[in-house]
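Undergrad: After the sequence you'll find the predicted model.
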Amino acid sequence: MRAVTRVSGRAIPLGASNVDTDIIIPARWLKTITREGLGQGAFETIRAVPGNVFDDPAFDGAPILIAGDNFGCGSSREHAAWALTDMGLRAVIAPSFSDIFSGNAVKNGILPIVLQQSAIDRLMEVAQQGETIDIDLDTQTVTTAFQDRFAFEIDPFRKHCLINGLDEVALTLERGDAIARFETRREQAQGWAMRGTTS
């Protein structure tokens, strides 16, 4: 996955609470065997409403989504994170996230940022004005051109994974030498068990 260190640009001011994974990517899109193209189905029910923020040219290509409380609730489908990534989103800012969605987001290179509702309200204003928002994962801050500065917390392990672009496969490969040493020792000590017996 791509590393995340800084995210800067316009933000989509969604603001809605309890946006579940079926709203993020409806179940009919789950039949795909690839991650590509899921952005087309993202927020399909919201996009069906004329004048929605996702089809507003002002937010085209925005890498940040600002949402309400309990974002990503519902089913555990990882397709939700895939759809957001396919849309070009690199960060979601909300007062709270579903635990499963938050984990899936990090595994797919999306930074979930938890801020208080007052900060969300302010960032919604900035986003609606079309101004850029800057996120620095190293310093764990969200800033605006209006001198707003909001600090956020993140689990150190998740931060490490995002900054270094490490998904679960990459994390395993990082331990490749240790795994090889273990396998060699195991073969020497218990080779008979690994080979099985012949009759």
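TA: Perfect, I can see it now. Numbering: from 1, shown residues only.
Undergrad: from here on, contacts and neighbour counts on C-alpha atoms
TA: Fine.
Undergrad: Contacts only, for F152.
TA: I113, V114, L115, Q140, T141, V142 (CA atoms under 8 Å, 6 or more residues apart in numbering).
Undergrad: okay, now the nearest residue to G37 once chain neighbours are set aside: neighbour count?
TA: Take G37 and drop its neighbours on the chain: the residue closest to it by CA to CA, 6 or more residues apart in numbering is D86, 6.6 Å away. D86 has 17 neighbouring residues, counting by other CA atoms under 10 Å.
Undergrad: Identify those among the contacts of F152 that sit within strands.
TA: Among those, DSSP state E puts I113, V114, T141, V142 in strands.
Undergrad: wouldn't the residue nearest to G37 be in contact with L38 here?
TA: Yes. Using CA atoms under 8 Å, D86 is in contact with L38, at 6.2 Å.
Undergrad: residues contacting S96?
TA: When contacts are counted by CA under 8 Å, 6+ apart, S96 touches G68, D69, N70, F71, V114, L115.
Undergrad: Okay, strands next: where are they in this structure?
TA: 6-9, 11-13, 64-66, 91-94, 111-114, 133-136, 141-144, 149-151.
Undergrad: Remind me what the fourth one packs against, helices and strands.
TA: If contacts are counted by 3 or more CA pairs under 8 Å, 6 or more residues apart in numbering; DSSP states H and E, strand 91-94 sits against strand 64-66, strand 111-114, helix 117-128.
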